[in-house]
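Engineer: no sequence on hand, only this structure:
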């Protein structure tokens, strides 16, 4: 509908003009840097190719998502998941194309577990016969699967799960049973409304051949058909449902499931590594599971690489919007008509955004290093059966998963707050980003729990090094520990504002110091593990930060990028390295002081140095975020779009696309009528039903069509 | 529908048993402490009285809220707002009863601005004649109002707003006009769909009597009818709408509004302090606006008191759930059947939750101190016209608003993450709490911006004190600054683990040190203001923390509570004081080292001391949160309910109350059908409309009724 606002435009200066000026004022070579960052797996070309297809399809439009009822989000998400599957066949997409589409669609949907956890179990836990039977069905999507491990009462401690699979020697079946409410499967994606098959993790209970008394052999995986293929209703003896709304993932049907003495055949137990002898009902023991650690490292490298793109998305929105947004003239200006300043020019805004921009690069180079470590280690294992690096790799991946997902999750919120009022609005594009990513500090190993694994490893290495200070180093960290142990009482005061390598040394020294403290408490003083948990967590963080800093250093100062980077671009990367390292140091400054890596006098100089570095990086901020190549379709943000047309987009979104504006309401409190003309009686019935959820949100439609 | 899950219960130990044990194991007198904390304005009795009424009314049921479409949330919220107004009359509620109902309803609704910003403008900005005309209409709710200040392009910098009110000397009218898109009013609550009248803040433009050229006299308030009373449609020349979904406040119609040469009479300009001479068209200058600062302090004291209850809510959920949740046996236990530990027993969980529990008390005592300061100052002003304390009060309120809302906002998320998977679920009760509270660091003065006001004040005081180090102290902070200036180069190493007063001294010393640094940079070295912003922010935080610590200290160690507290309860409060102070110190430890308030050796002892204090507080945690008396209706949390029946509640919520479980879906990707039986064509049309927002979410109902 046309009105007088159609001819209005935002006050000058215009956003697109300002972003053009920002881009013109920097010599960073965006395309070159984008290629440098995003060549793995032909990322950039793939993104372009898949995006062009997605943008044409109406149900992939995201603009109405924040208005929808949660149940409708599942409807839409199922429709989209089906469409992605059909597009895969139509366009001959490979697995990476499909994953790209999933990344751009940016929605955890009801097929997400089929192609990941479900198929992985089929591939890795089935014996040959099982795999031959199941894998084609799964790969052809004849069945849709999910993975049922977590329970209502049991998460990280998998040993504690209650669901039972009891062997019945008479019928040679397993009886799957949920003895309690807490034994209910819970959280399992795609279980709630979608999947017809599930991998069910249950305690394997076998009878003692002599006494007949049952004993648990721990959690095992079973493949179970849970729904009728024709009606999609749960089979008899199984209760299933969706667990309801969560912070994020409205389109995913995270489910619950209980079994009432539900029988499955002997072949349901996935038996590659262990099994049950069907004749004697005895247990067949598993082989070494060390290789599992290897793939866990791969998953965690992926998490870090994902974290960098998530954080890049938040930083992109923040940098672009804050370069455009003007607020207050300079306080010291004598000119009464002095123009308002770009918000990103304020140091109090820079200190929140620019270190996060540097962090995206830090995450990138460590993600790359983790991939290299993973592939190198896998080659060693496959060629020589050499498992020696697994422990180091696992320790690094645990601490880094914790640190990197925390940095990204906190970073999103930091960006949002820096954007003031509009950051709180739906036009920011931050709502879904934030709500979904907040799951990451918890899943794949809780961020406060898994750091124990990193610390335990470091204690072990420090114990070895203290025993034999001059032994040939086994793991990478040994060299650093040997150095430390040889000079334990020395004060350093590293020249952190001089040569960048000194920053790496300071981080390593602090990590070694904390390792030694913790080693001493545990091994020498025999302190209880639980009482040390806070120190263990801090140690893991210190070690992981030192990995981030040293990988960043190596990439920028010791590697030759291929293809090469322009000198101007490299200079900015060097400043970003220093900014990341100094900012990270400043956050935990007291640990650097305690470990004598730094003097109090040196610390005084850190904040001014950070401010100088931010001034160096500031002119390049827009081009740096451009290099991350996050398309507008993924940003879904009026504030962060590439063209910078912030205010027109915000206004258009509200004025043309908000369904609430289609109705007129009756604001008079003396009447119960809500929508003008619907009458009191109607409104009362409708609103009560809505509040109580008796008939759900669809009431609204019924009333409206009556009007 | 009955099924086999009806007879199941959670695995032992049961939540209610565990919470009973927790309560039995502590000697804190909950009722006494509750009275101590919540007697102001008869809070506890009022809560009981109002709650009993609200719980009976179907539309006040909250359980379906997370499932609803955003437009429906507004419908419901409007119905609730009307009902609250009718209940007020029916039960003869006073203003405090009404506010209590609003607090318990826990939803920012379409009448929220009427009773606050709108009525405040009418009361405080109208001249006598205007007030006589408008106030009765407003107090009787004959009109519903809103407050239109913020614009699409202009927030904190009110001077920058673009909306114009141009005086037409011929017709003696103001012409209200929005010259650009960025001049659109934006964010204004209750404007979008509800209010018929608005306070519009616009640049007052008056013609020069000689040249006729217009000049702005700055932003002024106008009262404007914006909608037709009968149809509730916007008047001609005005475009209004709701701005769309936000992080929180789905029930509030935050709006936008533009004017196209819209004429209002001379009487529309609220003219208590300033005005326009209708005959000559000249400006009548305003009087001193110092009193405005006073009421700002009151608003900010309210924000702090609100922050404590918000944080108490998050901490209540976390403490109760984490006392029930079991995970992992003790790692050092030799017993293979050792029981799993309550999660709250882990120091890595305690360090996240227990300092926040202590923070609720810190916020409380500072909120109380602010009220006292406000009432005391107001009395001084009314009795003696003595404005001398206004600056101090305003400075304290700015820094504290920033610090306290940051602590609460961050604290909610810290609690949520500590609860692992279930913290991410809708049963946590944290989703709305988090989404709504995240607005607070931005509104009522952005948390990074207003700290400049605190710092500016401290620079001013330090300048005075350095000039006359022995003058009679004017403000409270002067004494502290005089001490500092007299001993600038001294090292202290306060005995922070000994007498609690030493903690207060350490915080004051650090704040004085930073004040001196900043004073020196600005006044002596003449550094640009903008370049100092990071230090200014840090200074404000340091000063505000010292206020929190010293108010907490005074309340616990130097006051006699009336009625008195049991010794056991007081002991726990003392431990909470130390915990809050030491934890806060540890977060910024390097500032205490730099200022020589502390030696590196002393700092080594802080973490163990914190851990000891947490062990002291741990047994009382459940009773301490009970004292905050947050009712289940407000918590709306399966994890945090008073009775501790966590798992039954979580399961019931999913299994009996989730509307998504009422439909069966077709998961086969080969068909476009989504709901079983709806057919492909129907589904396609429905989902496209949903994605594009063409007809909104009501489509869902239309399809369902057809099935």
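Structural biologist: Arrived safely. Just so it is clear, the structure is predicted and the values come from calculations on it, not from any experiment.

Engineer: chain A: strands as residue ranges?
Structural biologist: For chain A, the strands defined by DSSP state E cover A:145-148, A:164-168, A:173-177, A:185-188, A:197-207, A:214-225, A:238-242, A:255-259, A:262-265, A:275-276, A:283-284, A:326-329, A:340-342.

Engineer: do the fifth one and chain B meet?
Structural biologist: No - contact check for strand A:197-207 against chain B, using CB under 8 Å from any CB of the partner chain: none in range, with a minimum separation of 10.8 Å. Bear in mind the C-beta positions are built from the backbone N, C-alpha and C, glycine included.

Engineer: what helices or strands is that strand leaning on?
Structural biologist: Judged by 3 or more CB pairs under 8 Å, 6 or more residues apart in numbering or on different chains; DSSP states H and E, strand A:197-207 is in contact with helix A:119-125, strand A:145-148, strand A:164-168, strand A:185-188, strand A:214-225, strand A:255-259.

Engineer: for the fourth one, same thing?
Structural biologist: Helices and strands touching strand A:185-188, as assessed by 3+ CB pairs under 8 Å, 6+ apart, comprise strand A:145-148, strand A:197-207, strand A:255-259.

Engineer: with mean pLDDT and distance to residue A:85 added, can I get these in TSV?
Structural biologist: Converted to TSV, the helices and strands packed on strand A:185-188 look like this (pLDDT from 0 to 100; distance: least, CB to CB, whole Å):
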stretch	mean pLDDT	distance to residue A:85
strand A:145-148	97	14
strand A:197-207	98	16
strand A:255-259	98	20
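
Engineer: can you put those strands in a markdown table and add distance to residue B:272 and mean neighbour count?
Structural biologist: Shown next, in a markdown table, are the helices and strands packed on strand A:185-188 (distance: least, CB to CB, whole Å; neighbours: other CB atoms under 10 Å in any protein chain shown):
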| stretch | distance to residue B:272 | mean neighbour count |
| --- | --- | --- |
| strand A:145-148 | 66 | 28 |
| strand A:197-207 | 70 | 23 |
| strand A:255-259 | 61 | 28 |
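
Engineer: which of these sits closest to residue A:550?
Structural biologist: strand A:145-148 (36.0 Å; CB to CB).

Engineer: any idea which of the helices and strands packed on strand A:197-207 scores lowest on pLDDT?
Structural biologist: Mean pLDDT is lowest for helix A:119-125 out of the helices and strands packed on strand A:197-207, coming in at a mean of 93.

Engineer: could you pull out the buried residues of that helix?
Structural biologist: Residues of helix A:119-125 classed as buried under the neighbour-count rule (16 or more other CB atoms under 10 Å in any protein chain shown) are A:119, A:121, A:122, A:125.

Engineer: residue contacts, the spatially most central residue of chain A?
Structural biologist: With distances taken as CA atoms, centre = their mean, the residue of chain A nearest its centroid is residue A:440 (4.5 Å). Residue A:440 sits next to A:303, A:307, A:405, A:408, A:409 when contact means CB atoms under 8 Å, 6 or more residues apart in numbering or on different chains.

Engineer: closest to residue A:37 out of those residues?
Structural biologist: Comparing the contacts of residue A:440 against residue A:37 with CB to CB places residue A:307 closest, at 14.1 Å.

Engineer: count of neighbours near the nearest residue to the closest one once chain neighbours are set aside?
Structural biologist: With CB to CB, 6 or more residues apart in numbering or on different chains as the criterion, residue A:307 has its nearest non-adjacent residue at 4.1 Å, and that residue is residue A:408. Neighbour count for residue A:408, taken as other CB atoms under 10 Å in any protein chain shown: 27.

Engineer: where along the stretch 1-150 of chain A do the helices fall?
Structural biologist: With DSSP state H, counting those that start in this stretch as the criterion, the stretch 1-150 of chain A has helices at A:15-24, A:30-37, A:43-54, A:70-90, A:95-105, A:119-125, A:128-139.

Engineer: which stretch in those has the least confidence?
Structural biologist: The bottom spot among the helices of the stretch 1-150 of chain A, by mean pLDDT, belongs to helix A:119-125, with a mean of 93.

Engineer: how about that one and chain B, touching?
Structural biologist: No - Helix A:119-125 lies out of reach of chain B by CB under 8 Å from any CB, never closer than 15.1 Å.

Engineer: and that helix, how far out from the chain's middle?
Structural biologist: Averaging C-alpha positions (CA atoms, centre = their mean, to the nearest Å) puts helix A:119-125 23 Å from its chain's average.

Engineer: coming back round to it: show the pLDDT at the residue nearest to the centre of chain A.
Structural biologist: 95.

Engineer: ok, back up a step: who wins for proximity to residue B:53 among the helices of the stretch 1-150 of chain A?
Structural biologist: helix A:70-90 (29.5 Å).

Engineer: how long is stretch A:264-279 end to end?
Structural biologist: 16 Å (CA to CA, to the nearest Å).

Engineer: give me the neighbour count for the residue in the stretch 201-350 of chain A that chain B sits nearest to.
Structural biologist: Among the residues of the stretch 201-350 of chain A, residue A:245 lies closest to chain B, at 3.8 Å counting by CB to the nearest CB. Residue A:245 has 25 neighbours, counted by other CB under 10 Å.

Engineer: ok, now residue A:465?
Structural biologist: Neighbours of residue A:465 using other CB under 10 Å come to 28.

Engineer: please apply the same query to the one 3 residues further on.
Structural biologist: Residues contacting residue A:468 under the criterion other CB under 10 Å number 10.

Engineer: also residue A:596?
Structural biologist: Counted with other CB under 10 Å, residues neighbouring residue A:596 total 17.

Engineer: and the pLDDT at it?
Structural biologist: Looking at residue A:596, its pLDDT is 95.

Engineer: quick one: it and residue A:545, what's the gap?
Structural biologist: Going from residue A:596 to residue A:545 by CB to CB, to the nearest Å gives 18 Å.

Engineer: on that earlier part again, which of the helices and strands packed on strand A:197-207 sits closest to residue A:479?
Structural biologist: Comparing those against residue A:479 with CB to CB, the closest turns out to be helix A:119-125 (35.3 Å).

Engineer: state the phi and psi torsions of the residue nearest to the centre of chain A.
Structural biologist: Backbone torsions of residue A:440, given as degrees, to the nearest 10, read phi -70, psi -40.

Engineer: just to revisit the earlier point, tell me the most buried of the helices of the stretch 1-150 of chain A?
Structural biologist: helix A:70-90 (a mean of 22; mean count of other CB atoms under 10 Å in any protein chain shown).

Engineer: remind me what that one packs against, helices and strands.
Structural biologist: Applying 3+ CB pairs under 8 Å, 6+ apart, we find helix A:70-90 packed against helix A:95-105, helix B:680-692, helix B:699-706.

Engineer: run the last query once more with 6 Å
Structural biologist: The contact analysis (3 or more CB pairs under 6 Å, 6 or more residues apart in numbering or on different chains; DSSP states H and E) places helix A:70-90 against helix B:680-692.

Engineer: now the angle from the helix it packs on to helix A:70-90?
Structural biologist: When axes from the mean of the first three to the mean of the last three CA atoms, to 10 degrees is applied, the directions of helix B:680-692 and helix A:70-90 differ by 110 degrees.

Engineer: that's all I had, so thanks and see you.
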